[in-house]
Structure formats: C-alpha cells, structure tokens
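*Asks:* Predicted coordinates and the sequence they were generated for:
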Amino acid sequence: MKKVIVTGGLGFIGSNLIDLLLKKNFFVINIDKITYSSNFYNTREFKRSKNYRFIKLDIKNKKIKEILIKYKPSCIFNLAAETHVDRSIDNPHNFIQSNIVGVYNLLECFRKYSKKYKSKLIHISTDEVYGDILNGRTSETYPYQPSSPYAASKAASDHLVSSYVRTYKIPAIVTNCSNNYGPKQHPEKLIPKLIYNILNNKPLPIYGDGSNSREWIYVKDHCEALIKVFQKGKMGEFYNIGSNKNLNNLQVTKNLLKVSSRINHPDNKVKIIFVKDRPGHDLRYALNSNKIKKNLNWYPQTSFKEGIKLTFNWYNENKNYYKSLSKKDIVKRLGKK
C-alpha cells in the first residue's frame with residue numbers, strides 16, 4: 001500500500017483529496033497546523049480509518065523531515081496555504097509566512113529526504129498567479145502577473161519549487177487550478193457563503209456589479225487530476241487544471257437560487273445586494289488545460305449544473321458544518337458595505 005502525505009488536509013481541497021485517496025487504497029498522513037479554516041468536521045468520515053493518520057504540525061517546522069523519514073511517503077501533496085484573497089489584503093503577513101516561508105522549509109526537508117528515498121512533491125497552486133485575463137485562456141507558459149498579496153505569495157512559492165527542480169533536481173510538479181467549489185468549503189468563499197445566506201434567508205452580497213468571471217471546477221474533478229499528475233505527470237512540469245467553464249458572480253448566484261427553489265426553498269425571497277468591490281479585484285481568470293488533457297488523459301467529469309446541485313445538497317444536509325465554524329468567520333468581510 002502506497003503512503004502519501006497531504007498537507008493542509010483539514011481544509012477544503014485537502015480533505016476531499018484525502019477522501020478520494022483512501023477510496024483508492026492509499027495510506028494517508030494528514031499534516032495540518034490547524035487554523036481558522038481547518039475543520040475536523042471535514043475528516044469525520046474517515047478519521048478512524050486504519051489507513052489514516054493526523055499530525056498537527058506547521059510546514060514551517062523542521063520536524064517535517066522526521067515525518068518523511070518515518071513514513072517514507074511516495075508523494076507529498078502540498079495544499080497547506082493561506083488562500084483567501086480578502087484576508088491577504090487585510091493581513092499579508094500570514095500569507096508570506098505560510099505560502100512562502102512554509103514552502104521553503106518543506107522544500108528543504110524534501111530535498112534532503114529525496115536524496116535517499118524515491119518520492120514526488122506535487123505543489124498545488126492557483127490560476128490567480130496569471131492575473132487578469134480579459135481575453136482567451138492562459139497556457140502554462142503564460143507569464144505570472146499576480147494582483148493580490150495572496151496571488152503573489154503563491155507565485156513566489158511556484159517559482160521556489162521550480163528553482164529547486166532546476167538547481168537541486170528534486171522530483172516535483174506544480175499544478176495551477178481554477179476556482180474550486182463543492183462540499184466542505186469554508187464560507188468565506190463565494191459559493192458556500194451564498195448557500196449559507198440562502199439557507200438563513202439573508203441577503204446575497206456580490207462584489208461590484210457581479211461581472212467578475214471565474215472558471216469553476218468541481219473539487220472532486222480537481223482531486224482526480226492531482227492523483228493523475230502524481231501517477232503520470234512529468235517531473236519539473238507545470239499543469240493547468242480547469243473546467244473550461246466560466247461564469248461571472250451574478251450568474252453563479254442566480255444558478256444557486258434556481259437550485260434552491262427546486263430543492264426545498266421554493267418561497268425563498270432573498271435579495272441580491274451589490275457591495276463595494278475589493279481593492280485590485282481581477283475581472284477574469286481563464287485557463288487553457290489542453291496539456292493535462294492531451295498528455296495525462298484527464299478530463300473534468302462534472303458539469304456546473306450537476307456540481308452546484310451536489311454542492312447545495314451537501315450544505316443543506318450538513319447544516320452542522322456551519323455550526324462547527326465561528327460565526328464571525330462566516331460573516332467576515334464579504335457583505336460589508
């Protein structure tokens with residue numbers, strides 16, 4: 001049985017990835033330092049699995065090397081990161097520490113470990129590193145032009161990984177994914193925030209005029225892609241992972257309201273309200289994912305129509321998820337006029 005490490009496994013993408021890895025008969029070690037977005041509710045279904053271990057640790061801690069030597073993982077999926085753009089605007093420090101300093105320490109530990117043991121590092125990043133894409137779609141060779149402190153910190157970490165591949169010949173791959181949605185996502189992000197407000201009959205806050213466009217991918221499709229990259233990806237390469245499906249924030253909101261009315265909220269009269277836009281808000285992200293499709297034979301399987309219904313149903317059936325969070329985190333920032 002292959003052993004793998006997932007950093008940030010109490011978070012949204014990490015916990016969904018662990019769930020999929022366990023179903024594919026991997027032994028998974030979850031390393032998470034436990035921040036506001038970490039949630040043991042996300043791992044409740046498999047926390048007692050004989051093939052699962054949880055270790056509380058910051059990726060900035062040099063004990064990472066000891067864990068690598070103890071478990072000898074065949075892969076590290078690095079999902080440990082601060083990810084919310086709004087928070088990076090309010091406090092960039094945490095993003096620099098986690099997304100840059102943390103990745104540096106992880107690389108140093110992995111560099112020494114990989115000299116003796118066969119392993120891979122999959123560093124998961126974002127489409128936001130490319131910046132505003134008003135027309136067309138960005139391939140992996142498109143120059144980085146990050147707009148926010150969050151995007152800049154992720155861009156820096158991507159460059160660090162790439163430099164270690166070239167300088168130290170470490171076996172690593174970088175992936176850049178579009179906007180994820182699905183079960184277990186913290187409601188500081190748009191879709192779970194809107195679902196929470198719909199379920200609680202609260203106004204639906206949208207930045208600016210709602211025209212900001214994102215490429216939406218269902219989280220389980222992303223996780224399948226990450227496993228495909230681990231199994232078949234070429235070391236040192238970058239892979240874009242996207243759905244090729246763009247919707248602006250207003251369209252997403254209207255789709256959620258349709259799903260809500262069809263399921264069990266036919267009389268919901270919540271209103272959409274437009275709130276002051278955040279500083280430096282990119283208008284559009286869009287990836288060209290032809291490389292991973294052609295070279296690794298990965299394709300997204302979930303349409304937005306299907307995925308948004310699955311997502312709404314999960315939150316509707318798991319209202320205790322919201323109860324497991326701090327209420328101030330649910331209402332923080334987005335929606336303030």
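*Replies:* That came in fine, so what should we check first?
*Asks:* after whatever helix or strand residue 104 lives in, next one along is what?
*Replies:* Here residue 104, judged by DSSP states H and E, is contained in helix 102-114. With elements assigned by DSSP H and E, the helix or strand that comes after helix 102-114 is strand 120-126.
*Asks:* quick one, strands of the stretch 51-200 of the chain?
*Replies:* Here the stretch 51-200 of the chain has its strands, by DSSP state E, counting those that start in this stretch, at 52-56, 75-78, 120-126, 172-177, 179-181.
*Asks:* so what strands line up beside the second one?
*Replies:* Partner strands for strand 75-78, per DSSP bridges, with pairing direction: strand 3-7 (parallel), strand 120-126 (parallel).
*Asks:* ok, and what's touching it?
*Replies:* Applying Cβ atoms under 8 Å, 6 or more residues apart in numbering, the set of residues contacting strand 75-78 from outside is 2, 4-8, 14, 17, 59, 68, 103, 106, 110, 119-124, 226, 230. (Each C-beta comes from the backbone N, C-alpha and C, glycine too.)
*Asks:* residues of stretch 211-225 that come out buried?
*Replies:* For stretch 211-225, burial by neighbour count (16 or more other Cβ atoms under 10 Å) applies to 212-225.
*Asks:* List the ones among those that fall in helices.
*Replies:* In helices, defined here by DSSP state H, the members of those are 219-225.
*Asks:* that's a strand at residue 273, yeah?
*Replies:* Yes: the assignment for residue 273 by DSSP: H, G, I helix; E, B strand; the rest coil puts it in a strand.
*Asks:* That one touches residue 205, doesn't it?
*Replies:* Yes: if you go by Cβ atoms under 8 Å, residue 273 and residue 205 touch, sitting 5.6 Å apart.
*Asks:* And the helices in the chain?
*Replies:* Ranges of helices in the chain, per DSSP H, are 12-23, 64-71, 85-90, 92-96, 102-114, 149-168, 190-199, 219-232, 249-263, 290-296, 304-317, 319-323, 327-331.
*Asks:* Could you tell me how far the first one lies from the centre of the chain?
*Replies:* Mean C-alpha position of helix 12-23 versus that of the full chain (Cα atoms, centre = their mean, to the nearest Å) differs by 12 Å.
*Asks:* can you tell me which of the helices of the chain comes nearest to residue 46?
*Replies:* Nearest to residue 46 among those is helix 12-23; the distance by Cβ to Cβ comes to 5.4 Å.
*Asks:* and the strands paired with strand 75-78 as TSV, adding mean pLDDT and mean neighbour count?
*Replies:* Output for the strands paired with strand 75-78, formatted as TSV (pLDDT from 0 to 100; neighbours: other Cβ atoms under 10 Å):
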stretch	mean pLDDT	mean neighbour count
strand 3-7	98	24
strand 120-126	98	24
